[in-house]
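Student: Show me how the following folds:
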Amino acid sequence: PGSGTITCLVAVKLVSQLLKSEDNSSAISRSLYSAIMGALSYSVVLVIVFSVVLPSFTSSELPRGHGEELGKHRDPEGHIPVLHDVPSPLDFWEKYASIRKPVLLKGVAKNFPAFSLWTDEYLLQNYGELKVKLEAKVEKDSYPVGEKGLAQDTIKNFLKTYKNQDKYIVSQLPDPMSKEVLVLPCVRCGSFKNRALEANLWLSSGGTKSLLHKDADNAFNCLLNGTKDWILIDPEHEGKVPMAEEAVSEYGGFSLINVDHVNLQRYPDFAKVPWWYANITAGDCLWLPYSYLHQVRSYGTKNMAVSVLFSRLKEFDNTGCDNAKPEYTPLSEADMVWTYDGVASQTMGNTDPFELNETLLSWCEENGGKMINAATVMEELKLMQAMEEDDDPEEIVVHDEDILEEISHKVMMILNPTGEDTASCDRLSQLTVKELKAVAEVMSSDPANTEEYEYKHFTPKEVSDVIISAYDADTDRLELAVFIQEYQQSLHGSEKIAKEVFEVLDPENKGYADKSDIEAGLNQVMALFTPRQMEDPSGIQWEYVKREDEMFHRDMEPPMQSHSGSEEQADYTHGEL
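Tutor: Okay, here's the model as predicted:
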């Protein structure tokens, strides 16, 4: 910066002397002199501002960790507590679960049969035909295609492809596998015993990366292969964390922060957020309290974990805990609320029916303490939608009102199977777990849990564009093979759904469809891809923020430089946190 300024000043002096040596009475000379002097003086100012003032300003004003990986904004508070033995049920409740404090239990999952049994060969031989859900290794990046469709695969096909493809099993654990997973003794008596909600399976070739998010329920997450690094943030600091719209509800949700390049100019309050970390190795189990913000990265050529979710308990009844033997129990023997046979649709992420019952009873109390009807349910769903979008309850803008109305009537049919549009508060207090699960299915089921998810993921226009592109006007034919290829290349959809679509266009199974076939079947195809589902404001918001963050990251990158020698790559290994 100093040399640039001096160069400009020398140039000004030289030009000044040169012009003064000529006939300065000339108007042209005087104009030229003034113009050059003005331009060079302006250049001096620019050089000083951009070379000296701005760099010193930005280097001193940018907060620590701006544009860097999550966790670089300040030093961690430390590692979460570590235990080498499973605590007693009462100690576990009083010291950890009741106060929502995470804890790492070292080596306890080495007691699981799955820890030694679940090699790829064993899984392929014993569970290969079971169906699982897929995600990309980077959360919300994309949905991979599996043997059963978009985001749906068999364990057999996954094991053949996961080493060299962007695939990650994030799935409900199929029931046949549950006999080889154990429930820890500290949650096998008292209030916890009958409040196990669901079990999940996580399997990849490492390199996975989650968003910063929070889960609706408590969980024990047990690692069987590889290593994982967790960043954890206490819920009391959530007010300083930018959350997607759905996350203003009390429990689950995700943050809008880009975990690779945290924009602290956009989110300055986040710089004040303290965080803890956990380094997990194979055989460890981490207790994660509900609504505890966390971000996870995995390592290893094979990274596999199982998790068991538990209700958000407010009180603990230790009945039976005093005499209970501290034994590990097969998950298959636990009375889990949501199970999955490995064949049909999953129920992953469905609402806790016990919490749902409390919600229904609160609606009834708010409605005068006597009964509710479809109109009551409808109004409460509207209010929930407004809360999720942070709207003024007095000025609610309702989205998908027809879907909300349909849900309301389906709920009332479960609450009162006689067909009457009322259900008393007494009736709600006596609902069975089976009935509550049916209500939860109506109110909170995830489209990605089914093989039909692909129909909800692509738009009718996207599919019609594929049909038009694959159709050969010269021969008046839409060939099956050509359509499948175009569908997979353009939409990254599955061969399975492509064939199902083609069957509609070619009901006679000729192997091709002509123009008249397409015209006859196109409306039916479009109807398949017209979903009856709620808008996802958080997803829309995430895509918008992601695009802005990509622009921010490009602006942060230094210019490319050519030089000889090998570049040192940043190597973030397990445990560095």
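Student: make it CA atoms for all contacts and neighbour counts henceforth
Tutor: OK.
Student: where along the stretch 201-350 of the chain do the strands fall?
Tutor: Using DSSP state E, counting those that start in this stretch, the strands of the stretch 201-350 of the chain run over 213-214, 218-233, 253-254, 276-281, 285-288, 293-310, 329-330.
Student: whoops, I mixed them up, the stretch 51-200 of the chain
Tutor: The residue ranges that make up the strands of the stretch 51-200 of the chain, judged by DSSP E, counting those that start in this stretch, are 82-83, 103-105, 131-135, 145-146, 149-150, 152-154, 168-172, 182-183, 196-204.
Student: Tell me the strands beside the first one, with direction?
Tutor: Strand 82-83 has the following sheet partners, assigned by DSSP bridges: strand 103-105 (parallel).
Student: ok, now how distant is residue 100 from residue 516?
Tutor: Residue 100 is 63 Å from residue 516, where distance means C-alpha to C-alpha, to the nearest Å.
Student: More neighbours: the two, which one.
Tutor: For residue 100 versus residue 516, neighbours defined as other C-alpha atoms under 10 Å are more numerous around residue 100 (20 against 11).
Student: pLDDT score for the closest residue in space to the more buried one that isn't next to it in sequence?
Tutor: Nearest in space to residue 100, with sequence neighbours left out and distances taken as C-alpha to C-alpha, 6 or more residues apart in numbering, is residue 289 at 5.1 Å. At residue 289, the pLDDT value in this model is 97.
Student: Over to residue 289: give its phi and psi.
Tutor: Backbone torsions of residue 289, given as degrees, to the nearest 10, read phi -70, psi 150.
Student: any chance of the strands of the stretch 51-200 of the chain in TSV, plus mean pLDDT, mean neighbour count and distance to residue 256?
Tutor: As requested, these are arranged in TSV below (pLDDT from 0 to 100; neighbours: other C-alpha atoms under 10 Å; distance: least, C-alpha to C-alpha, whole Å):
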stretch	mean pLDDT	mean neighbour count	distance to residue 256
strand 82-83	98	13	30
strand 103-105	98	22	26
strand 131-135	96	27	19
strand 145-146	92	24	26
strand 149-150	90	26	25
strand 152-154	96	24	27
strand 168-172	97	25	21
strand 182-183	98	22	34
strand 196-204	97	23	23
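Student: can you pull out the helices in the stretch 401-550 of the chain?
Tutor: For the stretch 401-550 of the chain, helices defined by DSSP state H, counting those that start in this stretch occupy the ranges 401-415, 425-429, 433-444, 453-457, 460-470, 480-491, 495-505, 515-528, 537-556.
Student: What about the nearest residue to residue 113 once chain neighbours are set aside, how many residues nearby?
Tutor: Closest residue to residue 113 apart from its sequence neighbours, by C-alpha to C-alpha, 6+ apart: residue 180 at 5.0 Å. Here the number of neighbours of residue 180 (other C-alpha under 10 Å) works out to 18.
Student: Who are the contact partners of residue 180?
Tutor: For residue 180, the set of contacting residues under the criterion of C-alpha atoms under 8 Å, 6 or more residues apart in numbering consists of 112, 113, 114, 330, 331.
Student: can you do 7 Å?
Tutor: The contact partners of residue 180, by C-alpha atoms under 7 Å, 6 or more residues apart in numbering, come to 112, 113, 114, 330.
Student: confidence score at the second one?
Tutor: So the one you mean is residue 113. The predicted local confidence for residue 113 comes out at a pLDDT of 98.
Student: Now for residue 73, how many residues are close by?
Tutor: For residue 73, which is what you asked about, the neighbour count (other C-alpha under 10 Å) is 21.
Student: same check, this time on the one 4 residues further on
Tutor: Other residues within reach of residue 77, judged by other C-alpha under 10 Å, total 10.
Student: correct me, but residue 298 touches residue 204?
Tutor: No - taking C-alpha atoms under 7 Å as the definition, residue 298 is not a contact partner of residue 204, at 8.7 Å.
Student: low-confidence ranges in the stretch 51-200 of the chain?
Tutor: Within the stretch 51-200 of the chain, the set of residues satisfying pLDDT under 70 comprises 51-60.
Student: Also the stretch 301-450 of the chain?
Tutor: Low-confidence segments of the stretch 301-450 of the chain (pLDDT under 70): 324, 386-399.
Student: what's the closest of the helices of the stretch 401-550 of the chain to residue 86?
Tutor: The closest approach between residue 86 and any of the helices of the stretch 401-550 of the chain, judged by C-alpha to C-alpha, belongs to helix 433-444 at 30.2 Å.
Student: Now do that closest one and helix 401-415, the angle between them.
Tutor: Inter-element angle recorded for helix 433-444 and helix 401-415: 180 degrees (by axes from the mean of the first three to the mean of the last three C-alpha atoms, to 10 degrees).
Student: Would you mind putting the CA coordinates of helix 433-444 into CSV?
Tutor: Extracted C-alpha coordinates of helix 433-444, given in CSV (Å, rounded to 0.1, in the frame of the first residue of the first chain):
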residue,chain,number,x,y,z
VAL,A,433,-52.1,-45.7,22.0
LYS,A,434,-53.4,-47.3,18.8
GLU,A,435,-55.9,-44.5,18.3
LEU,A,436,-53.4,-41.8,19.1
LYS,A,437,-51.0,-43.3,16.6
ALA,A,438,-53.7,-43.2,13.9
VAL,A,439,-54.2,-39.5,14.7
ALA,A,440,-50.5,-38.9,14.5
GLU,A,441,-50.3,-40.6,11.1
VAL,A,442,-52.9,-38.2,9.8
MET,A,443,-51.3,-35.1,11.3
SER,A,444,-47.6,-35.6,11.0
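Student: Quick one: neighbours of residue 521, just the number.
Tutor: Applying the criterion other C-alpha under 10 Å, we find 18 residues in the vicinity of residue 521.
Student: ok, now which ones touch the nearest residue to it once chain neighbours are set aside?
Tutor: The shortest distance from residue 521 to any residue other than its chain neighbours is 5.0 Å, reached at residue 505 (C-alpha to C-alpha, 6+ apart). By C-alpha under 7 Å, 6+ apart, the residues touching residue 505 are 513, 517, 518, 521.
Student: May I ask which of these has the most neighbours?
Tutor: Of the contacts of residue 505, residue 513 is surrounded by the most neighbours, 24 neighbours in total, counting by other C-alpha under 10 Å.
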